[in-house]
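**Student:** What follows is a predicted structure for the sequence shown.
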Amino acid sequence: MAKRKKPAAPKNDSKAAMIVIALFAVIILSVFYFSKKKESNQEQNKVVKLHIIHKVKPHPLYEAVDSYIPNENIKPVESLPTSTATEEPVEITHGSGERIAFIIDDWGQSMANCKYLKEIPEPMAVSILPGLRHTQDVANCAMQNHKLAMLHLPLEALHNNDFYPPNYIIKTTMNPDLASKIIDADLNQLPSIEGVNNHMGSKATEDRPLMRLIFKKIKKRGLFFVDSMTAHKTVCASFW
């Protein structure tokens with residue numbers, strides 16, 4: 001009796017097996033893809049967090065302060081770039097109208113902008129913060145280029161979140177002897193200045209005892225004062 005042949009496997013079963021294998025591969029790839037995406041999102045979150053932390057670092061303007069001037073440890077740059085300015089002071093004919101004065105604040109952190117002073121023929125003033133790396137150098141640069149130099153005196157603000165070295169800002173709660181010492185030290189750094197204006201100061205310029213002390217010192221040196229008007233109830237005008 002002849003043996004029966006074993007029936008061949010249906011073609012449909014082979015197709016089904018291939019489909020299962022393909023689905024399995026898709027699942028594996030999907031798991032791998034979403035795993036990598038999750039890691040990428042975590043890395044992006046780390047970058048965002050680091051960026052937020054970076055924002056609360058000390059204000060870059062004051063990162064260059066080596067030491068506060070009463071300690072006399074500030075070391076100015078040994079050599080100042082030689083000025084090539086040839087302009088003579090510009091004579092301005094004043095009419096009967098009002099006058100406008102140009103004062104640029106917050107100088108002293110670097111010498112980068114000093115090269116532009118020789119390109120400005122018009123009268124202007126640069127107001128220089130004390131105790132910075134190039135405080136004295138900027139004053140020399142202003143003088144060489146026939147620009148008026150001023151002290152940008154740091155005074156206490158009503159609201160301020162920037163970083164400052166200890167005793168850099170003159171505060172209304174300071175002992176008068178300490179405030180007096182800081183004012184003298186700031187003024188002594190810049191013997192070539194002709195005037196003073198306030199850096200911040202929305203709280204200080206409303207404080208009569210503190211401003212009386214400041215005006216006494218700047219008047220003694222024959223300097224003028226420009227109120228930056230950072231306070232609504234400033235008392236500066238009453239002392240001039």
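**Tutor:** In hand now; what should we look at? All of these numbers come straight from a predicted model, not from anything done at the bench.
**Student:** does residue 198 sit in a helix, a strand or a coil?
**Tutor:** Look at residue 198: counting by DSSP: H, G, I helix; E, B strand; the rest coil, its state is strand.
**Student:** go on, residue 136?
**Tutor:** helix.
**Student:** what does the model give it for pLDDT?
**Tutor:** Confidence at residue 136, expressed as pLDDT, is 95.
**Student:** Restrict the strand ranked longest in the chain to CA atoms and write it as CSV.
**Tutor:** Determined from DSSP state E, the single longest strand within the chain is strand 148-155. Extracted in CSV, the C-alpha atoms of strand 148-155 (Å, rounded to 0.1, in the frame of the first residue of the first chain):
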residue,chain,number,x,y,z
LEU,A,148,34.8,115.5,30.2
ALA,A,149,35.1,112.8,32.8
MET,A,150,32.7,112.2,35.7
LEU,A,151,32.4,109.9,38.7
HIS,A,152,29.4,107.5,38.4
LEU,A,153,28.8,107.3,42.1
PRO,A,154,27.1,104.0,43.2
LEU,A,155,24.2,104.7,45.4
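**Student:** Are we agreed that residue 18 is in a helix?
**Tutor:** Yes: under three-state DSSP, residue 18 sits within a helix.
**Student:** what's around it, how many residues?
**Tutor:** Residues within reach of residue 18, counting by other Cβ atoms under 10 Å, total 10. C-betas here are computed from N, CA, C, even on glycine.
**Student:** How about the one 4 residues further on?
**Tutor:** Residue 22 is surrounded by 10 other residues when neighbours are defined as other Cβ under 10 Å.
**Student:** hang on, the earlier thing: after the longest strand of the chain, which helix or strand is next? Please name it.
**Tutor:** Per DSSP states H and E, the first helix or strand lying C-terminal to strand 148-155 is helix 176-189.
**Student:** hmm, who's touching that following helix?
**Tutor:** Residues outside helix 176-189 that contact it (Cβ atoms under 8 Å, 6 or more residues apart in numbering): 68-70, 74, 130-131, 135-136, 151, 153-154, 167, 170-171, 174, 193, 196, 209-210, 213-214, 217-218, 221.
**Student:** List only buried entries from those.
**Tutor:** Neighbour counting by 16 or more other Cβ atoms under 10 Å classes 68-69, 74, 130-131, 135-136, 151, 153-154, 167, 170-171, 174, 193, 196, 210, 213-214, 218 among the contacts of helix 176-189 as buried.
**Student:** which ones are touching residue 202?
**Tutor:** Applying Cβ under 8 Å, 6+ apart, the residues contacting residue 202 are 157-159, 230-231.
**Student:** run the last query once more with 7 Å
**Tutor:** By Cβ atoms under 7 Å, 6 or more residues apart in numbering, residue 202 lies in contact with 157-158, 230-231.
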